[in-house]
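*Asks:* Sequence below, structure please.
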Amino acid sequence: MLRALKKWILPEQIDFFQCLVEQSLQTGGIIDEVLQLYLGEGQAQTNEIFARISEAKESRELHLKKLESVFITSVDKEAISRAFDQLYWIALSIEHLVIEIDTYRIQSLMDYKALLELLKQEMTALTAGFQALQKLEKSEAGQAVYQVIHINNLLVKEYAKALNTLFESAVTRHMLTNREILSQLKEISKRMHVCANQIEDILFKMN
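*Replies:* Sure thing, here's the model as predicted:
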């Protein structure tokens, strides 16, 4: 009886920062699969990547449903929901990348290994930001945000170098298809940057 009353009277206690950590780790797992598949570092397959992206979509929907069901959160619901959305946008951008790679019948991204490794570093820094947020370590979370933005800047420089090399190609199809792949890699990095900005927004609202 008491339990039933608590369900209706007391707000449900959910650690949404922990949920963000979990969704961020899930997104990092997708990046790992991409590296394994296109840098020849493992046995990953595209269907496994799509399955993980589908799981990320389910996670976002579940977290947003939980968020909608509670009365009280540590910061405003909108800031938290935007962070869930931006994390999913990273997964969605990876899906777009894999679709283009498949369509263009590209077998390897070894030429863009530096970019992929920067993406992995950026995702690791982003997850560190959410983990610091969950522990209420504001200074560490702020440093992680700075690190994500710094890596995004490095990636943009690497993108420009790769694009410049690509423009020297005499084969038009190779140049056009690979330019699209480079654009998608930059888009994923931008999504991480935007997601880091959401951490910054939450930190601001916690002060």
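
*Asks:* got the contact list for the residue sitting nearest the centre point of the chain?
*Replies:* Nearest to the mean C-alpha position of the chain, counting by C-alpha atoms, centre = their mean, stands I90 at 3.9 Å. Residues near I90 by C-beta atoms under 8 Å, 6 or more residues apart in numbering: 27, 123, 188, 191-192, 195. For the C-beta atoms, the positions are set from N, CA and C on the backbone; glycine is no exception.

*Asks:* Check D102 too.
*Replies:* Counting by C-beta under 8 Å, 6+ apart, D102 touches T46.

*Asks:* One more: Q134?
*Replies:* 15, 17-18, 20-21.

*Asks:* in the biggest helix by length in the chain, what counts as buried?
*Replies:* Determined from DSSP state H, the single longest helix within the chain is helix 172-206. Within helix 172-206, the residues that count as buried by 16 or more other C-beta atoms under 10 Å are 177-178, 180-182, 184-203.

*Asks:* same thing with stretch 110-124?
*Replies:* In stretch 110-124, counting by 16+ other C-beta under 10 Å, buried: 112, 115-116, 118-119, 121-124.

*Asks:* Now do the SS call for H63.
*Replies:* Three-state assignment for H63 (DSSP: H, G, I helix; E, B strand; the rest coil): helix.

*Asks:* who's in contact with R82?
*Replies:* With contact set as C-beta under 8 Å, 6+ apart, R82 has these partners: 198, 201.

*Asks:* Could you single out the nearest of the contacts of I90 to S54?
*Replies:* Proximity of the contacts of I90 to S54 (C-beta to C-beta) peaks at T27, which lies at 12.9 Å.

*Asks:* What helix or strand is that closest one located in?
*Replies:* T27 is part of helix 16-38, with elements assigned from DSSP states H and E.

*Asks:* and the angle for that helix with helix 172-206?
*Replies:* Helix 16-38 runs at 160 degrees relative to helix 172-206, counting by axes from the mean of the first three to the mean of the last three C-alpha atoms, to 10 degrees.
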